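> Predicted model and sequence below, questions to follow.
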Amino acid sequence: MMTCLEGPSLRLRPASPDDAAARFSLGNNSDIVRMFGVSHPDTKPMTLDAAEAWAHGHASNPYAWIIELAGRLIGEIKLHGIHAQDRRASMAIAIYDPMQLGKGHGSEAIRLLLHHAFTELNFHRIGIRVLAYNERAIRAYQKCGFVIEGRERETAFVDGLWHDDLMMGILSREFQA
């Protein structure tokens, strides 16, 4: 059974198929999905079918959590690309509620997940890829201890322009410090 992770203002909990309605209600904000590499004209409205598929997919993933604020779904955070022998994984996070951006919720969720990953799951390293123009996310990752390890040039074609990806990482000893 997956663990709920409690922070000062947030709760990370396992996803459930019942999360579809909440995910549907948040929709697909074009400015938010642009941070995932989707061009504005390619942003599709959230459908109930897509929200249900999202909820079922996350509910079956033991490394995916819903980010809850005051009992309300505002986003998700997950580990993927897990390499058990090397004790490493990649992380992804999304805050879907535009009213909750820039309030420190992403940083709190990241710290909760990193604490769990390094202390309970015994990971050594967590990595992340982020589009170089996603400055808010980069600041949050750096605030949580991630360092920029490299740049992959012109990896994403978004809104008619090529953009770089930054590779960032954090080691367990850096987080513990």
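It's in.
> Would you map the strands across the protein?
Assignment of strands within the chain using DSSP state E yields the ranges 5-6, 10-14, 64-69, 72-83, 88-95, 125-131, 147-158, 161-171.
> Deepest in the core, which of those is it.
Mean neighbour count (mean count of other C-beta atoms under 10 Å) peaks for strand 64-69 among the strands of the chain, with a mean of 23. All C-beta spots, glycine's among them, are computed from the backbone N, C-alpha and C.
> pull the CA atoms of it into PDB?
The C-alpha coordinates for strand 64-69 follow below in PDB (Å, rounded to 0.1, in the frame of the first residue of the first chain):
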ATOM      1  CA  ALA A  64       2.500   8.500  -8.500                       C
ATOM      2  CA  TRP A  65       0.900  10.800  -6.000                       C
ATOM      3  CA  ILE A  66      -1.900  13.400  -6.100                       C
ATOM      4  CA  ILE A  67      -0.900  16.800  -4.700                       C
ATOM      5  CA  GLU A  68      -3.800  17.900  -2.400                       C
ATOM      6  CA  LEU A  69      -4.300  21.400  -0.900                       C
END
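> Show me what the residue most central in space within the chain bridges to in the sheet.
In the chain, the residue lying closest to the centroid (C-alpha atoms, centre = their mean) is residue 93, at 0.6 Å. Assessed by DSSP bridges, residue 93 has beta-bridge partners residue 77.
> Make CSV out of the strands of the chain and add distance to residue 27.
Formatted as CSV, those follow (distance: least, C-beta to C-beta, whole Å):
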stretch, distance to residue 27
strand 5-6, 26
strand 10-14, 21
strand 64-69, 16
strand 72-83, 12
strand 88-95, 13
strand 125-131, 21
strand 147-158, 20
strand 161-171, 24
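> And the residue nearest to the centre of the chain, what's its pLDDT?
pLDDT recorded at residue 93 is 98.
> Ok, residue 2 next?
Residue 2 is given a pLDDT of 70.
> Excluding chain neighbours, what is closest to it?
residue 14 (4.0 Å; C-beta to C-beta, 6 or more residues apart in numbering).
> again, but for residue 114
residue 175 (5.2 Å).
> related to what we said a few turns ago, isn't the residue nearest to residue 2 right up against residue 68?
No. With contact defined as C-beta atoms under 8 Å, residue 14 does not count as touching residue 68 (11.0 Å).
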